[in-house]
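Undergrad: no sequence for this one, just the structure:
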DNA sequence: GTAATGTCTCTAGTGACTAGAGGTTCAAGA
DNA sequence: TCTTGAACCTCTAGTCACTAGAGACATTAC
């Protein structure tokens, strides 16, 4: 059994974030010492690692809740889990696409001014003021 | 002179968002009718278009504040503006990079399970539980 | 004149934490 | 056994960029 600080060190999740996850129902309420401090075991460590890994991959708290629910019922169909993963993948792909459009536009705008002139003549500012100076929709 | 609703329609920025921008100091306080309703002119429209365009490109409110400050002083050096644009571009590039790593990992994980089995055997859940199943760091 | 629509301010909620205040408990050394 | 300092506790409020809704007032069209 170890403390919340120890759990934090091992998982690289901040103490306050662990407490937050507990409040959100991602982590079961921890056992307590007689002095009311949380104590964790291997199961707690594994669950928090699962959560951290899923967060790193961009899953929302809500999605992780569903995944944990499934994990706790080994006999259920895992269709929901694959659906969650697939839609997360789609979201990531959509974000990449959008960001690539932004990147092109920003890079074009940035190149338009070397920063050595005066704000009145700045292509960056002009581009922002006038959407018509843009290459495409974004 | 036109109302906030009209401005909202023309710029596709929600009425409540316009008021929020005013509160944040991005938009000057609008003139008011005798009945206390906001009225805008061409200058207001242009400024809001500028803000919307910059937000679309992912600039923060704070960054936009600085850009507007520069716009209001046509004689100042535009170095700050190009710096803001460049660092925004860098941020976008960093995000893309990170998302691409996620995409690879998610796609690999997703492919590992067709969703027809049972949660106990699900590769998606197993991957999340065990970071060692991952291809690389993320 | 009336009714419908638009606008006003103010408060609170979103997601996923994070920081800090003020107080309590634990563990290690004397 | 006692003391001290680090770690822990709960609770509140702040972050960012909005968004929704309540309850009241203004404007506009008929």
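TA: Sure, I can see it. These figures come from a predicted structure and were not determined experimentally.

Undergrad: please, which helix or strand holds residue A:28?
TA: Assessed by DSSP states H and E, residue A:28 sits outside every helix and strand.

Undergrad: cool, residue A:39 as well?
TA: Using DSSP H and E, residue A:39 sits within strand A:38-39.

Undergrad: give the rounded mean pLDDT of stretch A:1-9.
TA: Stretch A:1-9 carries an average pLDDT of 96.

Undergrad: and that stretch, does that touch DNA strand D?
TA: Yes - counting by CB under 7 Å from any atom of the strand, DNA strand D is contacted by stretch A:1-9 at A:3-6, A:8. C-beta: built from backbone N, CA, C; applies to glycine.

Undergrad: show residues contacting that stretch.
TA: With CB atoms under 8 Å, 6 or more residues apart in numbering or on different chains as the test, stretch A:1-9 has contacts from A:13-15, A:18-19, A:30-31, A:37-41, A:44-45, A:48.

Undergrad: partner strands of the strand holding residue A:39, parallel or antiparallel?
TA: Strand A:38-39 has the following sheet partners, assigned by DSSP bridges: strand A:31-32 (antiparallel).

Undergrad: what residue in chain A comes nearest to DNA strand C?
TA: residue A:35 (2.1 Å; CB to the nearest atom of the strand).

Undergrad: near that residue, how many other residues are there?
TA: For residue A:35, the neighbour count with other CB atoms under 10 Å in any protein chain shown is 5.

Undergrad: secondary structure element for it?
TA: Short version: residue A:35 belongs to no helix or strand, going by DSSP H and E.

Undergrad: if I look at it, how far off is chain B?
TA: 32 Å (CB to the nearest CB, to the nearest Å).

Undergrad: one more: residue A:122?
TA: Going from residue A:122 to chain B by CB to the nearest CB gives 4 Å.

Undergrad: ok, that residue - contacts?
TA: A:113, B:70, B:78, B:81-82.

Undergrad: dump these into JSON lines; add distance to DNA strand D as well.
TA: Formatted as JSON lines, the contacts of residue A:122 follow (distance: CB to the nearest atom of the strand, whole Å):
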{"residue": "A:113", "distance to DNA strand D": "23"}
{"residue": "B:70", "distance to DNA strand D": "18"}
{"residue": "B:78", "distance to DNA strand D": "22"}
{"residue": "B:81", "distance to DNA strand D": "17"}
{"residue": "B:82", "distance to DNA strand D": "20"}
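
Undergrad: now, which of those lie within strands?
TA: Among the contacts of residue A:122, none falls in strands (DSSP state E).

Undergrad: most neighbours out of these, which is it?
TA: Neighbour max across these (other CB under 10 Å) = residue B:78, 28 neighbours.

Undergrad: now residue A:33: closest residue in space, sequence neighbours ignored.
TA: residue A:39 (6.0 Å; CB to CB, 6 or more residues apart in numbering or on different chains).

Undergrad: re the thing from before, farthest pair within the contacts of residue A:122?
TA: Farthest apart among these by CB to CB are A:113 and B:70. That separation is 11.5 Å.

Undergrad: what is in contact with these two at once?
TA: In contact with both residue A:113 and residue B:70: A:122, B:78, B:81, using CB under 8 Å, 6+ apart.

Undergrad: what confidence value was assigned to the last one?
TA: Read that as residue B:81. Value for residue B:81, per-residue pLDDT: 94.

Undergrad: ok, it - contacts?
TA: A:113, A:115, A:119, A:122, A:124-125, B:66-67, B:70.

Undergrad: C-terminal to the top helix by length along chain A, what's the next element?
TA: When chain A is parsed with DSSP state H, its longest helix is helix A:79-111. Past helix A:79-111, further along toward the C-terminus, the next helix or strand under DSSP H and E is helix A:123-129.
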